[in-house]
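Engineer: Requesting a structural model of the entry that follows:
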Amino acid sequence: MRPPPSQVPAHGIDPSKIQLPCANCKAILNVPHGLSRFACPQCKMELAVDLSRIKQFYPPPPEEVNEVAIEVEREEDGGGVVGETFTDYRPPKLSIGPPHPDPIVETSSLSAVQPPEPTYDLQTKDYLETSKALSCLQIETLVYACQRHLQHLENGTRAGFFLGDGAGVGKGRTIAGLIWENWHHGRRKALWISVGSDLKFDARRDLDDVGATCIEVHALNKLPYSKLDSKSVGIREGVVFLTYSSLIASSEKGRSRLQQLVQWYGLDYDGLIVFDECHKAKNLVPEAGGQPTRTGEAVLEIQARLPEARVVYCSATGASEPRNLGYMVRLGLWGAGTSFEDFREFLGALDKGGVGALELVAMDMKARGMYVCRTLSYKGAEFEVLEVPLEAKMMEIYKKAAEFWAELRVELLSASAFLGDEKPNSSQLWRLYWASHQRFFRYVCMSAKVPAVVSLAKQALMQNKCVVIGLQSTGEARTEDAVTRYGIELDDFISGPRELLLKFVEENYPLPEKPESLPGEDSVKELQRKRHSATPDVSFKGRVRKAARWKPASDDESDESESDSGRESVESDDEFQICNICNSEAERKKLLQCSCCGQLVHPACVVPPVTDAISANWSCHSCTEKTEEYLQARHIYVAELLRRYEGAIERKSKILDIIRTFDLPNNPLDDIIDQLGGPENVAEITGRRGMLVRASSGKGVTYQARNTKDVTMEMVNMHEKQLFMDGKKLVAIISEAGSAGVSLQADRRALNQKRRVHVTLELPWSADRAIQQFGRTHRSNQASAPEYRLLFTNLGGERRFASIVAKRLESLGALTQGDRRAGPSLSAYNYDSSYGKKALLMMYRGIMEQDSLPVVPPNCSSENPATIRDFIEKGKAALVSVGIVRDTVGGNGKDSGKFSGRIVDSDMHDVGRFLNRLLGLPPEIQNRLFELFVSILDHLLQNARLEGQLDTGIVDMKANTIELQGSPKTVHKDHMSGASTVLFTFVMDRGITWEAASALLSEKQRDVSGSSANGFYESKREWLGRRHFLLAIEGSSGMFKIFRPAVGEALREMSTAELKDKYRKTSLEKAHSGWKDEYEVSSKQCMHGPNCKLGSFCTVGRRIQEVNVLGGLILPIWGTIEKALSKQARQSHRRLRVVRIETTTDNQRIVGLLVPSAVVGSVLQDLAWVQDIDD
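Structural biologist: Numbers count the residues shown, from 1 in each chain. This next block holds a predicted model:
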């Protein structure tokens, strides 16, 4: 057949087939691809197609879009199921010492990493084995820390160790063991830096426990600033215990503690420095625009000045965010000899890599032997998130308060506008306004939960348990303000929110300046004297200007005639002077001098003539006239100013009166203590100095110090803690300030071993603190694990606090433990993510009517657009009232009640600000706006999940059989620790045989309640001449679990509608042959068929596939991998994906980076590892 002549294609041409002319009758025929012999339908001539000649003339057929393949690809990109996150921990390579008293776990991703071989021999080993003072895992830490301290980094400093065990595993005792071990090597000086000076007692206890009773502990805050080893101080050896705040302290004479310590220690001394609870040094590398904290800088400086010191970083929450690793310079993760030049570059790489990257850092550190991180198993601990609905009365209070704050804002705006430019610090005013606004509603939220806390506590006490209540702020500042204002005897407890409001309005209400009083006789003279003392050379007009501070502008017409007067020197020594009126000369004594303009005249020349003796400050007629005119105008002006000032004072006092009549809740801390039986029954472990106590008569309350005669203020928290641990008080209230490092668990050594119920009235702002607070009641050696009750109100805005904590818990689980799901799961509340920012932008644009909303707002329907319009108007008004929409202009005429305004760009993405301000709205609109925001966020997350863009951290690769192919290949070795990077290749079979699938179905059919829709389905469309089959089984709430022959169970459930739309139910016979056929074909090729563009690299819907995983050390070769991945065709392959895979034959678990088959070659080439991969 000849190629066709170029002619216009006729009607009826099918573009998916090849158009060829018949060699005989020249008719244009639609020939299906792949057909080689056929008869012409017109002239019946037998024709043969010569493919080799046709190819060059015809483009390949357009690819058919295989919908099922796209579906499967999305499911694969979504990643595998995330499995059980913790595994029990035993030291893998050491067997010295007794087992730990409590179950200890490690995240399963960290447990997939082996630490290096232990080579260090402990000096104290025999003692520790006989005394059983340390458990096997604490001894393991000692060995690895000492081993690590023998190494040096590339920059010449000694390598450091990171002890990341969770709260309550026994870090204190481990540190004591380290000090004891170093003591035996003759290193007899150590620095122990921690958060609170109370912890010095714990340090002493820990040293005694490991047998180091001979080592002194010196509290630095009790010592002078002179040399520590001088005769007067006399400290030659031992542990110097100090807090982070004393690390940055200095004396009046300018001598610093840091300098004193460096001098005592000696520049090349190689003793121990322990940064305990080292998360206090965080924010060394602040977020954009911030300043590094002084503590962070001091921690860096002491490390720089003592390069040989053996550094131990010690914290349960040390690395909740990668930027907080900034001060851990001795880990050698960046800098000379690594793949990151400096910390900023390291941070950049982690930010790009998402949470998976953080998990790799933790694993890397463990593999190099510089990090251990075990956590007390939260097994037995119960977490319950309780939503406390606001009571009707509280709802009313909240609504009124929200309205009041909105009115106060308008009032402040108009008061500031009235002042004009006099008050330059209006930005300061608004900063204070929003800060107080946020604190106020936070107080109200806390107070709303008091009844729930009290009833939970009473219930727990009745069940013979004891209670720990955690809160953040004690309200001490408000209480002290009120006591100074009203005295120490009050009618009732103080209301924190009310005092806050009173203080804010009292100190910040913009008042005009109080006018100066009107001039009396003396001030007239003063006024004239002022004129007199002015330099005579200045024109009169100029002088008036000098007085313009309190002179109205209208009074500026001065007589030009006098302006040049008084040119001659007034203080002339000449005997004779000239009269300014008659110009004749006379003796100086005989002339009068005006005290105002300074001109000299004869007494007789003045009209009327002056005959009496005159006072020294006589003034001429025109000056007197001027002064009187001026005084009159000034009188009117001052009266007006006074009226304004008094008006403002009156408005201010009216506002204060309104606030005083407000029914606002009491300070939660005092309220709870009071309702649970007063200070006799409640142990208070907080940072405040005094408290309000109800009088014995029941009427009124008095303010008293927390300590008694026998207990000093310093020791009051330790005393209270002891009363609780001895069971003399069964309720303890802890604030963050008072409870750092305190142990309140049901300790087997304590008298009070009742189960602890830990109620959080207020979740801390950061998850590190939440974990620290949870760790007060959940510690080693406990008789029972605590029950946690996290309380939220049902206000949208309050979930904000949960959101922040959730975000941190999520990444805290990640970095410090190599697995995100390690923290208690609050991630449903994490709004401040990149998706949260996007959702907020969409919501704002929708409300400002710049764009349509992607979802229907709550309580609205798309059938009734009026409801949506109404919601948008209300939403806009609400955003105006909390200052998010600015520069508003109200409409008029038929648009009255509508607003136009703008939202500044910086607010468009500020989720924190939105959630903070949201709190100040009445509950109804607050919850609706919040629901709208959350539903947009869900919508975005759902889309991201479908497109395989969502970073879910570590993903489990699941299959029926997983086998290791060949032996793993080492592709990189770290010379310092000997750890290596290894390439593993696995073969996975993901399919489900026909037998397994039909057994699954028949099992479901035995269940009578099962859905009739369960069964085998085939796709309605054909691809490459075949249909796809699946098994659908009804799962949760109308969704179906999907099983496919090639890839097993799909991650995503399918809705009934989607199932009915794309598939139809089929008979068992038909399904049997189709299933078997697809099962066979998929072992060799992907779903796109034999002509797939990616060829053998494509894995979509392939039953048997090769998976390459890089395990072991990843950080050193990070850049190489990133470069290779960025060139990938498939979007999901460009992401760094961390996977966990376990072989089905011998249960070997590997965690590492997934390297798509197509990239393996280039990664290995870039690693300069050119050995043949297939050997």
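
Engineer: can you pull the buried residues of stretch 601-620?
Structural biologist: For stretch 601-620, burial by neighbour count (16 or more other CB atoms under 10 Å) applies to V601, H602, C605, V606, W618, S619, C620. From N, CA and C alone the C-beta is placed, and that goes for glycine too.

Engineer: Which parts of the stretch 1051-1175 of the chain are helices?
Structural biologist: In the stretch 1051-1175 of the chain, the helices defined using DSSP state H, counting those that start in this stretch lie at 1056-1062, 1068-1081, 1118-1125, 1157-1166.

Engineer: Please apply the same query to the stretch 601-750 of the chain.
Structural biologist: Under the criterion DSSP H, counting those that start in this stretch, the stretch 601-750 of the chain carries helices at the ranges 621-661, 668-675, 716-725, 736-739.

Engineer: Quick check: which of these is buried the most?
Structural biologist: Among these, helix 668-675 has the highest mean neighbour count (mean count of other CB atoms under 10 Å), at a mean of 23.

Engineer: who touches stretch 869-880?
Structural biologist: For stretch 869-880, the surrounding residues in contact (CB atoms under 8 Å, 6 or more residues apart in numbering) are 844, 846-849, 857, 859-860, 885, 888, 897-899, 901, 903, 921, 925-926, 928-929, 932.

Engineer: residues in contact with V759?
Structural biologist: Counting by CB under 8 Å, 6+ apart, V759 touches V453, L456, A457, V467, V468, I469, G470, R789, L791.

Engineer: can you rerun that using 10 Å?
Structural biologist: Shown in contact with V759 (CB atoms under 10 Å, 6 or more residues apart in numbering): 386, 449, 452-454, 456-457, 460, 467-471, 672, 731, 733, 787-791.

Engineer: So F662 versus L500, what's the distance?
Structural biologist: 12 Å (CB to CB, to the nearest Å).

Engineer: wait, isn't S131 in contact with R173?
Structural biologist: No. In this structure, S131 is not within contact of R173 by CB atoms under 10 Å, at 11.9 Å.

Engineer: Which neighbours do those two have in common?
Structural biologist: Residues touching both S131 and R173 (CB under 10 Å, 6+ apart): D209, V210.

Engineer: picking up where we left off before, looking only at neighbour counts, state which of F662 and L500 leads.
Structural biologist: Comparing F662 with L500 by other CB atoms under 10 Å, the one with more neighbours is L500, at 21 against 16.

Engineer: Distance of the more buried one relative to D481?
Structural biologist: Taken as CB to CB, the span from L500 to D481 is 9 Å.

Engineer: And R789, by the same measure?
Structural biologist: From R789 to D481 the distance is 32 Å (CB to CB).

Engineer: can you check L919 too?
Structural biologist: From L919 across to D481, the span is 23 Å (CB to CB).

Engineer: count of residues packed around the closest residue to L1125 other than its chain neighbours?
Structural biologist: Once flanking residues are discounted, L1125 sits nearest to R1134: 5.4 Å by CB to CB, 6 or more residues apart in numbering. The burial count assigned to R1134 is 15, neighbours taken as other CB under 10 Å.

Engineer: Equivalent analysis for the one 5 residues further on, please.
Structural biologist: Around V1139 sit 19 other residues, with neighbours defined as other CB under 10 Å.

Engineer: picking up where we left off before, export the helices of the stretch 1051-1175 of the chain as TSV, with columns for mean neighbour count.
Structural biologist: Shown next, in TSV, are the helices of the stretch 1051-1175 of the chain (neighbours: other CB atoms under 10 Å):
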stretch	mean neighbour count
helix 1056-1062	14
helix 1068-1081	16
helix 1118-1125	18
helix 1157-1166	17
